[in-house]
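Colleague: Give me a model of this one.
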Amino acid sequence: MEIVYGGIKASDYNIYPRELVSIPAPRKKTEEIYIPGKGNIYVESEDYEPTEINVTFNYIGKEEDWGRIWRKAKSWLLKAGEKLQFSDDPGMFYRISKVKITKNERPSRKVGIFEVTFTTKDGLSYLEEGVMEHEKEEVKQNPYEMAKPVYKIYGNGECALNVNGKKVEVEVQRSVIIDTERMLTYRDEKIMNTAMTGKYEDLYLRHGENEIEITQGFELKIIPNWRCK
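Modeller: Residues are numbered from 1 along each chain as shown. Modelled structure (predicted):
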């Protein structure tokens, strides 16, 4: 198995997983609510809890290279916010929010063994195709989980974006980006949340068929951020 993190292969550093990696199943977030006369009930949301993916790595090299490889491993892995990919699941990746490395065991002068815990953002696997720009007709059918897309609008003036019967309005000056996951509206890295009126949640792509319409005269591109259990 090849493991890729942040676009870098483990094998590029002569580091390899010792065994096949077990992937935990995602768990939906639940909220406990107390109702007088009924007690506590649990309500599931559309979002998922973080999960942990544990990988044991090892490497072998010349005795004088042991420390160099270990330093490269730490420099490579100790970065949050990168994508984690596995060679036996092509086209998919996990979004990683935290990485923890245990101490490096040294069973011999040439061998190093260490464990890494990757904490996922939500336990879901994402499609690489889903982080590319698409035309709205290409994302209307969503066979995956509920998705939180990024909308890129080009044009000038007051624009209405309607998704599944729910509308937001945004003032566009050449271009604007609506990031529904981060709940940000911006252009050229300048935050413009006041330029949008409406709820970001209304722009999520539900599972199945979606209706997406935009004011005539504006161009729309969508990064759907498709994700799977």
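Colleague: Tell me the buried residues in the lowest-mean-pLDDT helix or strand in the chain?
Modeller: The helix or strand of the chain with the poorest confidence is strand 39-48; it has a mean of 78 (mean pLDDT, DSSP states H and E). The neighbour-count check on strand 39-48 (16 or more other Cβ atoms under 10 Å) flags Y48 as buried. Where C-beta positions appear, they are placed from N, C-alpha and C, glycine not excepted.
Colleague: Quick one: list the elements packing against that strand.
Modeller: Contacts defined by 3 or more Cβ pairs under 8 Å, 6 or more residues apart in numbering; DSSP states H and E place strand 39-48 against strand 28-35, strand 111-127.
Colleague: which of these sits most buried?
Modeller: Of all the helices and strands packed on strand 39-48, strand 111-127 carries the top mean neighbour count, a mean of 19, counting by mean count of other Cβ atoms under 10 Å.
Colleague: which element follows that one toward the C-terminus?
Modeller: Heading C-terminal from strand 111-127, the first helix or strand you meet, by DSSP states H and E, is helix 136-139.
Colleague: how far out from the middle of the chain is that following helix?
Modeller: Taking Cα atoms, centre = their mean, to the nearest Å, one finds helix 136-139 lying 20 Å from the centre of the chain it belongs to.
Colleague: which outside residues touch whichever helix in the chain runs longest?
Modeller: Ranked by residue count and defined by DSSP state H, the top helix of the chain is helix 66-77. Contacts of helix 66-77 with the rest of the structure, by Cβ atoms under 8 Å, 6 or more residues apart in numbering, involve 5-6, 8, 13-15, 57, 59, 61, 99, 101, 104, 106, 109-110, 112, 114, 116.
Colleague: one more time with 6 Å
Modeller: With Cβ atoms under 6 Å, 6 or more residues apart in numbering as the test, helix 66-77 has contacts from 8, 13, 15, 59, 61, 99, 104, 112, 116.
Colleague: contacting residues around M92?
Modeller: M92 makes contact with S125, according to Cβ under 6 Å, 6+ apart.
Colleague: That one bridge partners, please.
Modeller: On the basis of DSSP bridges, M92 is bridged to L127.
Colleague: name the element K221 belongs to?
Modeller: Using DSSP H and E, the element containing K221 is strand 219-223.
Colleague: quick one: contacts of the helix or strand following that strand?
Modeller: Reading on from strand 219-223 to the C-terminus, the next helix or strand found by DSSP H and E is strand 227-228. Under the criterion Cβ under 6 Å, 6+ apart, residues 124-126, 144-145 lie in contact with strand 227-228.
Colleague: do that again at 8 Å, thanks
Modeller: With Cβ under 8 Å, 6+ apart as the test, strand 227-228 has contacts from 92, 122, 124-127, 130, 144-145, 147.
Colleague: Show the model's pLDDT score for the residue nearest to the spatial centre of the chain.
Modeller: What sits nearest the mean C-alpha location of the chain, by Cα atoms, centre = their mean, is R95, with 3.9 Å. pLDDT, R95: 98.
Colleague: how about it, secondary structure?
Modeller: Three-state assignment for R95 (DSSP: H, G, I helix; E, B strand; the rest coil): strand.
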